[in-house]
Every structure is written in structure tokens, then in C-alpha cells.
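Colleague: Take this sequence and fold it.
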Amino acid sequence: MSSKHLTSRLAQVLVDFAELGNFPDEEALSAGLVDDSVIPIALQDLADSKARLENEIQKLGRNIGSDVDSWIVHATDLQDDIEQSRKLASEIVRQAEADEERIEALEEQSHYVQFLLKEQIFNAQLGEALHSLQQIRDHLDSAERVATDGRIIDALLSLENAARMMADIPIDRTTRAWRILDERCYTIQESIHEQVHVFWTGLIYLNFEERSLTINEKLTVTLDQVVTALGLFHELETAAQRLWADIDAIIITPRIDTSRKLYVVHIQEGSLKVGTEPANTTIESLLVDLDAIIQFLIKNIPPQFMKCFSDIMVPIVSARLKRTWLDKAVPATLTDMDTYHEALIQVENFARKLDTLQCLGTDELHEWVVNAPKIWLGKRRESNLEWIRNELSLGIGATKSAERIEKRVVAREEGINVSSNANMVVEDGWDEAWQDDDEDLAITTGKNRHSLDEERRASEISVSSETQTPLKTDSEEPEEDEADAWGWGDDDMPETEPTHKPEVAAPKKVPFKRKQNPDFQNVTLSERYWISAMPYPVFKTIKSIYDDGATLMLEGSPPNPVTPAAAGLFNIPALILAMYRATSPHYYAGNQCGNLYAYNDSLWLCDQLRDFSASWRERPGLVRRAYGMVKLDGEIKSLENFGKRAYGQEMTTQRTIINDLLGGAQNFLSQETSTPTEREETVDTVVDHIKSMSKLWKPILTESVWASAVGSLVNAVASKIIKDIFDLSDMGVDEAEKTAKLISQVTKLDSLFLPTSPKTSYKSKSGKAPNPHVETTSKLPMTAQYADKWLKLHFLSEVLQSNLKDIRFLWFESELSLHFTRDEVVDLINLSFENNPGVRQTIKDIREKRAPKDDLDVEE
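Modeller: This is a model prediction of the structure:
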């Protein structure tokens, strides 16, 4: 756009913009370049536009002038109204602001009033506090003043009032005035407390060197006042405990402590003192002294303090008195019962005196008196068990001989055989406890062994020939099995029947049939054996217990304080025997033959207890129920089992030794395990061992038990050799001869069982001469009576050294069939001979033809 055209248009644009606010729409116009030359022109156009507009306005004003004047008037009125409204609003605001100021002023006045009230309260409290502080100070001053004068009760009361006022005073505890008063109160209290203890020490003076106690009624103060002061300090119990500790140390202990020397206690006016003279050691004297000491304290010590002191002293003294004096005064027997009865009365009286004084802690004394029977029974039980324990701990000690006696009624002829025939043995049953299940070690039982080794006992046999009709009595029961009569054999132990019963000349039991009416005689059989020192104190103690029980249960017996404990006495023997069975094995173990002594001791105890039990039933004068109080059957049975177990342990040990020497689980005769020379040496060792055991046991056991014990060892050797032979697969001639030689070495043990020549005294009322057959000179060994495998071993040796013809003879003509079965003989033949027609024929004959044993079986 040209500059001229722009200039012409610019003026119009400015006018439009000024009047209407329009902005040019054209880009060329709005973006055009305006230089200095254009502006004057534009301003001129604006001025022209202005003048034109003013003219137009003036024209319009002339036409509406009246309207304008009216408008002006209205505007002026409006202005006045506005001004009036503004003034009214200002007044309202001013009045509102005035109300707030009044409210603030009222609040300020209210706060001021409250402040004045608080100040008034504070001043009142301050006045009260100051007044209280003044009173507290006055009380403290008074406490100090009266304490200085020795008026400790008044001082403590003043101090207590001051302390109470300090607790109630409405003041902060951190206030300096309160802290000063509190410190002063504490200081005065400590001062008075020390003063009270000084007075206490002066009033109750304890001299530890002279062991004396002196009580002064009054120094500057009285004892009552000091006790009251201690009560105000809450120290009565503490002071009582301290005083008791001192009195116990210097007065009570020297009089009551039995662990050291006791001294007398002298009581004078206001003092107690332990003298240098020894005190009487009786309970009566002690109780008199204790009563005097308590009465002295009650007389000289205020009741308030004495109550606390007695509550501490009496329980301690009662417990100590019971422990160190009364329990020791309980007798273990009935010998000192009078003294014990007196002690019960004295203690009861002493306890009652303490009860009248309302002392606590007398229950132990009353219980000791009331439970006298129970306490005595406990003392008796403990002392007896302790004594038995000490006696057992001494071990076997010095051995003593004992005699075992058996009485029988037998026919006269059989009585002669009892003393002349040694082929008989009593079935005692003691070997039942050690028989193994896998070994047939049975010994001949009752029917064939009624009188084991009577020939050995014949030197001690007294035969009284009395013609009589046999009657069964309580003490003589000829039909009773002797194993039962002796108490041997245990229900819980297996009984092994013998596989072979040797032919013996045994007396038959005589049935009680009057129509036979043979001549009978009383026979007393006795055997001597040795016991240790252990069972005698056991029996002695048991007997004394039962005797004391009998004394307490006598009809019309004088009153006794322990009579109610009589029934309990009869339970103590069971405890003693239980202790013996439980502890004695430890002490028996210290001796090489301890188990055998245990067997003998238990046997002796059983005999003694049986005799005592029988005599008890005949004891006169007992009350009826006393006869049933001794029940020893169960204890005797337990003792028998104990002895059999000890015997069985010894036999098991020895058999184990023998079995181990002979190879143990291995075959002793096997060529692989040993040489012939070694086997011979081993057999010699076994034989020597059995002989040494035989020699060791012989002075201890009875003849019959010794024979049975040694026989069991011999039987163990025979059983092992027989078993090992049958376990071989084959055996040549040389081996058979060597084995027979070994058996011959074993047969040397026959020397142990050679019978002795008895010497029997035989007396008859008819005056007949003694039977010339009583003394015997038979020297046949009796080994087979005690070792049932012995004859089998002998026959086995014969078989090993025999040919077929000899074996046929032994089987059909001799006694081989009594000891071997057909299968065993066949096995031996197959072991030693080759299989040929002769061997087969012999075996066939043995299996099919009758043997001597078959005939015996038919006869039986």
C-alpha cells in the first residue's frame, strides 16, 4: 500500500479505534509502516473528529437540558442519602466497637477479681503453712528439749506429731523451709534412736566373756519406756530377734547343745549366768533350767516385748530340744522304758506350762508326747536296721559250726540200713536252681535218695530203739516228702527228673497201717556245717524284736507308753530279712566261698526261724491275737530261694569254668582244636580244679551237700565229654583209645566219693546186742549217686575199647541198655566201625531184640 493511501486511511482507523474500539482487519493496514510524516496528518484527523463530536454533543445537550437538570437533582439527593447512610453505618460501627470494649473491660475486671480471690486463698494457705511450720518447729524444739532431759517417750510423741503435721502440711516438698524441717526431724529422730539403743544396752546388759545377762529395771529411763520407744520405732521384732541371738549364744546353747560340754545356769535377782560347773545331763534337769530361764525373762521383761521374744524363742528351743535331746532319749528296746515314760511326763508338763504362757511353737513337744508309740517304733526300726547294716559290713568274719538235725520214724531193719548203707541220698533240691535246660544233670530224687550219705553221718547218729505203733504227729511225718520237710525245692524253679536211677538199697517209706505192726524206731540224723558271722546277729535281732512284742502283748501286763506300737514291731523282721537278702551278697562276694556261706547262712536262718515260729505258738500268757502275729513262712521261703540262688550261682560259675577249660562251644576231642597231649593236660587241669574245689568246700558244706555239689561238677565233665564224642563224625582205633585214656583220667575223681567207715551207737530197750552188720568196710565209690552221667561215661569208655562181640555182650547181657538208648549205641557203632555185614547185623539185633532195660520197664 502506498504511503499516501496509508496516511488517508490511518486517521480513520484511529478515530474508529477511539470511538468504537475497533481494530483494523486488513493486514496491510495493521502491518503498514508509519513514519513521522504520517503522524501529524493523523493527529489532525483526530482533532477534526473531536471537534465534530463536541458539536454534536452540544446540539444534543440543548435538546435534553431539562432532563439533565432533573438528573442532577436526583443525583444530589442520592448523594445526600448515601452520605447519611454512611454516617448511620459509622455510628452503628462505633456503637458496636464500644460494646466490645465494655465486654473486654468486664472480662478484665473478672480476671482481676479471680486474681484477688486466689491471692486471698494463697495468703490464707501461706498463713496456715507458716503457722504449721511454726508449730512443727515448736514440736521439734520440744522433742530436742525433752530428749535432752531423758524423756524419750515425750520426745518421740512430739517428734511423731511433727512428722504427722509435716505429712499434712499443704506445701511443696521441694520447698526449702519444708526440706530444712524434714532434715531436722530426721536428725532428731536418729538422735533419739541412738539414745534408745544406748538405754536398751544399759538396761539389758550382755557380757559375752562371762556369759551372763543382767536386766536393770531403771537407769535414767525404765525398761518399759525403752520397749515403748522401740514399739514407736517399729523395732520390737528386730530387737527381740537380736536379743534371742545373743541369749542363745551365751545362755541357751551352753546348756542345751549336746555336741559340747554342758554347763549349769545360775539365776540371781536380775541376772542369768552360765557357770563353770558341768550341768546335769538328764531331760528333767534341762527342762527345769529352761523353765527357770523363761520365768526369769517373763518376770524382768515387759509383756509387750516378751510376747515377740517368746514367739521367736519357744519354736526354736522346742525344735532343738526335740532333735538333740528328746529323739535321742527314745530307747531302742524296752529296757529303759521307765526313764522314757518319765521323760514323756516331764515334756508334757513343760509344754503345758508354755501353753499357759500363750507361747507359740509347742506343737512339736505335744506331738512328741502323743506320737510316742510311733516314734519309738521308728527308732527301733532304724536302730535295728542300722545295727544289722553295720554287722553285715563286717563280712563273713569268724565262722561257726552248726548242726542240722532230722528226726524220722523208720522200721528197725531200715534204720540199720540208714547207718550201714551209703548208697542212698536225700533229695534236697538245692541243685534245681542251677540246672540248665540243655543239660540233663538231674540227681536221684526222693524215692531212691531218702537218706543221702547216712554212712557219712553215722558217726553222729543216735538210734533209739523203741517198739511202738506208728502214729503221725505234728513233728514226725514219715510219709512227708523230705524235700518239702526241709523247705527245699522252689515252685518257680524247674525240677529235672533223672534219666537214670541207679540201683541202690534204699529204705522204703513205711505206710501207717496198724495191721502190719512192725517194730519201729526213732532215728535222729545230724549233719554239721559251717556258717559265717553274718546270720547270727540277724536272728538275734529278730528274736529280740519278737520277744519285745510278746512282752507288750502279755495279758495283764503293766501300762506301757509304747504298747500301741506292739503290732508294728512284728513288721520289722521282714525289713531286716529283706536288708539281709539285698546287702549281704556284696559282703559275701569278698570271700572265695561266699556263695556257699550264703547258702549255709540262709539254711541256718530258715531252721532257726522255723523253730522260733513253732515255739511262739506255745508261748504262754499272750493275748489271743498275738499268736497270729508271727508270720515267717513267706520270709523263710524267700530265704530258701536266696540260698538256692547263691548255691546256683556258684555251681553255674564252676560249671562255666569247667566247660571253658574243655573247649567251650568247640569240640574238645576234635583233632583240629588241640593235640592229644594238650587234651590230656587239660583233663588233668579240670580234675585238679574239681579236687581243689572239693577240698575248699568240704570244711564248709554238709556231707550231703558237698557230695551233691562236687557231683554236679563231675557230671559237668562227663556230660561235656559224652556230648563231644557223639558230635564226632568218625573215630579211628587210635582216637578211641586216646579218648578212653582221657576218660580214665577223669575217673580218678572216684577217689572223692569213697565211703567212710561209720561208727554207730545203737541202743535198744529190749537189751538186744548190736547188729554186726552196722559197720561196713565197703570201699566202692559212690560217684554215680551224685553224677547221673558217671556210669554212662564208664560204659562209653568200655564201648570205645570193645569189639562188636563185646558190645553185644554189654547191650544184651550187661547194663549198657540202662544208660544208652538204641540210637546212641548205633551211633557209637557207626562212629567206631566200618559198615560191613557184621556191623549191620549187630545194629539190626540191637534195634529188634529185647535188652535188659526192656525187662525192667515191663516189671515197673
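Colleague: what about the strands in the stretch 501-650 of the chain?
Modeller: All strands of the stretch 501-650 of the chain, identified by DSSP state E, counting those that start in this stretch, fall at 520-531.
Colleague: quick one: low-confidence ranges for it?
Modeller: 501-520 (pLDDT under 70).
Colleague: does Ala402 sit in a helix, a strand or a coil?
Modeller: Three-state assignment for Ala402 (DSSP: H, G, I helix; E, B strand; the rest coil): strand.
Colleague: count of residues packed around it?
Modeller: Residues lying near Ala402 (other C-beta atoms under 10 Å) number 19. Just so you know, the C-beta spots here come from the backbone N, C-alpha and C atoms, and that holds for glycine as well.
Colleague: Who is it paired with across the strands?
Modeller: Beta bridges link Ala402 to Tyr529, judged by DSSP bridges.
Colleague: That one reaches Pro535, doesn't it?
Modeller: No: at 9.3 Å, Ala402 does not count as touching Pro535 under the criterion of C-beta atoms under 8 Å.
Colleague: got any residues that touch both of these two?
Modeller: Common contact partners of Ala402 and Pro535 (C-beta atoms under 8 Å, 6 or more residues apart in numbering): Trp604.
Colleague: pretty sure Ala332 is in a strand, no?
Modeller: No: Ala332: not assigned to a strand; according to three-state DSSP it is coil.
Colleague: Could you double-check that Ile375 sits in contact with Glu364?
Modeller: No: under the criterion of C-beta under 8 Å, Ile375 makes no contact with Glu364, lying 11.5 Å away.
Colleague: helices or strands up against the helix or strand in which Val705 is found?
Modeller: Using DSSP states H and E, Val705 sits in helix 703-727. Applying 3 or more C-beta pairs under 8 Å, 6 or more residues apart in numbering; DSSP states H and E, we find helix 703-727 packed against helix 454-457, strand 520-531, helix 633-661, helix 676-697, helix 733-746, helix 783-786, helix 790-800, helix 822-832.
Colleague: Am I right that Leu262 is in contact with Pro278?
Modeller: Yes: using C-beta under 8 Å, Leu262 is in contact with Pro278, at 6.5 Å.
Colleague: Comparing those two, which residue is more hemmed in?
Modeller: Leu262 (20 against 10).
Colleague: Over to that one: give its phi and psi.
Modeller: phi -100, psi 140 (degrees, to the nearest 10).
Colleague: cool, and the one 4 residues further on?
Modeller: For His266, the backbone dihedrals (degrees, to the nearest 10) come out as phi -100, psi 130.
Colleague: what stretches of the stretch 151-300 of the chain score poorly on pLDDT?
Modeller: Where the stretch 151-300 of the chain drops to pLDDT under 70, the residues are 170-173.
Colleague: For Leu297, which non-adjacent residue is closest in space?
Modeller: Among residues not flanking Leu297 along the chain, Met306 sits closest, at 6.4 Å (C-beta to C-beta, 6 or more residues apart in numbering).
Colleague: about what we covered before: could you pull out the residues contacting both of Ile375 and Glu364?
Modeller: Counting by C-beta under 8 Å, 6+ apart, no residue touches both Ile375 and Glu364.
Colleague: about what we covered before: of the helices and strands packed on helix 703-727, which is nearest Trp325?
Modeller: helix 633-661 (36.6 Å; C-beta to C-beta).
Colleague: tell me what the closest one is packed against?
Modeller: Helix 633-661 sits against helix 572-588, helix 594-616, helix 676-697, helix 703-727, with contacts defined as 3+ C-beta pairs under 8 Å, 6+ apart.
Colleague: so how far is it off the chain centroid?
Modeller: Per C-alpha atoms, centre = their mean, to the nearest Å, the displacement of helix 633-661 from the mean C-alpha position of its chain is 31 Å.
Colleague: Equivalent analysis for stretch 326-337, please.
Modeller: The answer for stretch 326-337 is 28 Å, by C-alpha atoms, centre = their mean.
Colleague: Keeping just the C-alphas, turn that stretch into PDB.
Modeller: Extracted in PDB, the C-alpha atoms of stretch 326-337 (Å, rounded to 0.1, in the frame of the first residue of the first chain):
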ATOM      1  CA  LEU A 326      14.100 -86.000 123.100                       C
ATOM      2  CA  ASP A 327      14.700 -88.000 119.900                       C
ATOM      3  CA  LYS A 328      18.000 -89.400 121.400                       C
ATOM      4  CA  ALA A 329      16.100 -90.200 124.700                       C
ATOM      5  CA  VAL A 330      13.800 -92.600 122.800                       C
ATOM      6  CA  PRO A 331      15.100 -96.100 123.800                       C
ATOM      7  CA  ALA A 332      15.600 -98.700 121.100                       C
ATOM      8  CA  THR A 333      14.400-101.500 123.400                       C
ATOM      9  CA  LEU A 334      12.100-101.900 126.400                       C
ATOM     10  CA  THR A 335      14.900-101.900 128.900                       C
ATOM     11  CA  ASP A 336      14.800 -98.100 129.600                       C
ATOM     12  CA  MET A 337      11.100 -97.700 129.300                       C
END
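Colleague: Can you give me the buried ones in it?
Modeller: Buried residues in stretch 326-337, counting neighbours by 16 or more other C-beta atoms under 10 Å, are found at Leu326, Ala329, Val330, Pro331, Ala332, Leu334, Met337.
Colleague: Identify the farthest-apart pair in those residues.
Modeller: Greatest spatial distance among the buried residues of stretch 326-337 (C-beta to C-beta): Leu326 and Leu334, at 18.3 Å.
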